[in-house]
Structure formats: C-alpha cells, structure tokens
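Trainee: return atomic coordinates for the entry below.
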Amino acid sequence: ADLWRAVASPETVPVSQVWLIVFLTYPIAIILIALFPASAAALTPATSNPPRRTPLPTPSERATFVFRHLVGYTSAVLLTVATTDALKYYVGYFRPDFAHRCFGPSGNIPPSLFSNVTITSNAGCPNQSGHLNEGRLSFPSGHSSITFCAGLYLTLLTIAVAARSPSDAAAQVGLLAGCAPVGYAMYVAGSRLRDGRHHPADVA
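Mentor: Sure, this is the predicted structure:
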C-alpha cells in the first residue's frame, strides 16, 4: 500500500464540521420534520377508517415522534462511534500518510526505498512530532462511518414521512431533500481519499 501521501493540512472536512452536522444540524432537521404540516399523516396514529382529511397531530404526538427518533438517531450514532473506535485500535492499520508522519515532511529517505526500511514501532520513526498513533488508525474511517450512519437515518426518515404526505408536491420535495444527508456522507468519504487520510477500503 502507498504510505507516502502528504499529511493533509487543513483537511477538506474537519472533524468539527462532522460533529456540527451530526449532533446539531441533523437533530434540528428531525424536529423540523415533526413540525412540517405535510408530515401530519406520518405523525398521527393509523386507523381502520381514516378520515377524508388528515387531522393535524397533537403536540403530544409531535413530541412523541421527536423523542422516539432523537433517541433512535442518537443511539445509532453513538454505537457507530464506539464500534468505529474499537475497530481502529484493534486493527491499527496504517494511514496513507504514515510515512510522511514517520519520516517528516522532507523525508529522510526517498519513497522508492521505503519498502526496504523496517519500522517495528513508533520509536523507530525519525520524526516524533507527526502524531504517529493517529497514523495507525486508518481502518475504518470515522468521518465516513459516522456521516453515513447519521445521514442514512435521516434520509430514511425523511423519505418515509414524505411517502405518506397527501400532497404530491410535498412528497416530491421530501424525497429530494432526503437524498441530501447521504449525498453529504458520500462527499465526506471522497474527501478522506482525496486528502490521503484513508485507503478506499476504509470508507467503503
């Protein structure tokens, strides 16, 4: 594997942006879905003889919808974070920029000879200021796993609500809007490859 990619600085998608999207923007979106008038059919309990006009959900029904989905969403994201971190430390796979971290920006040896150098521990790296432990946490990508988990939850929720909307226009808008979170996750995954922080298998 190519381990001589330069350390990306700054990253295309910093971790602070991921946390902002996942723990603030997406939860707000779940709340807004409950407040959107066209989502009334998805929020009200189903009946054997539905009325000709869908009644507006009560505040209690809206609150129940928000509570259930915020709990489900948060649980899924936290479980993904825990699983991703556990795998990172268990596997210890080198990032594509590990050689750059180990030998420094100037490189004490040329990349063509790197295959002939054996590094058995971080202590063998000439450059001790390159965040070497972080360079061993390539698989899986935390950015990708978290944004895909959060994005897929919000996408499926948005599509499910849009599909039950009595308004065709609202349903179409909801279906299109539901694609945005997964689209963002794909962008994040691509940026991790472009920045040289992960191998393709890390974000798949």
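Trainee: mind listing what's buried in stretch 168-185?
Mentor: Residues of stretch 168-185 classed as buried by neighbour count (16 or more other C-beta atoms under 10 Å): 170-171, 173-174, 177-178, 181-182, 184-185. Placement of C-beta: from N, CA and C, glycine included.
Trainee: among those residues, name the ones in helices.
Mentor: Within the buried residues of stretch 168-185, membership in helices is found for 170-171, 173-174, 177-178, 181-182, 184-185, as judged by DSSP state H.
Trainee: could you identify the most distant pair in those residues?
Mentor: In these, two members sit farther apart than any others by C-beta to C-beta. They are 170 and 185, at 24.4 Å.
Trainee: how close does residue 74 get to residue 148?
Mentor: As for residue 74, its distance to residue 148 is 16 Å (criterion: C-beta to C-beta, to the nearest Å).
Trainee: show me how far the lengthiest helix in the chain is from its chain's centre.
Mentor: For the chain, the helix with the greatest residue count under DSSP H is helix 59-91. Put simply, helix 59-91 sits 12 Å off its chain's centre (C-alpha atoms, centre = their mean, to the nearest Å).
Trainee: which strands and helices sit next to that helix?
Mentor: Judged by 3 or more C-beta pairs under 8 Å, 6 or more residues apart in numbering; DSSP states H and E, helix 59-91 is in contact with helix 26-35, helix 40-43, helix 142-163.
Trainee: what mean pLDDT does the helix or strand following that helix have?
Mentor: Using DSSP states H and E, the helix or strand that follows helix 59-91 in sequence is helix 98-103. For helix 98-103, mean pLDDT rounds to 80.
Trainee: and helix 98-103, how far from the chain's centre?
Mentor: 26 Å.
Trainee: buried residues in it?
Mentor: Across helix 98-103, burial judged by 16+ other C-beta under 10 Å covers 98-103.
Trainee: just the closest of the residues you listed to residue 194, please.
Mentor: For those, the nearest to residue 194 is residue 100 (15.5 Å; C-beta to C-beta).
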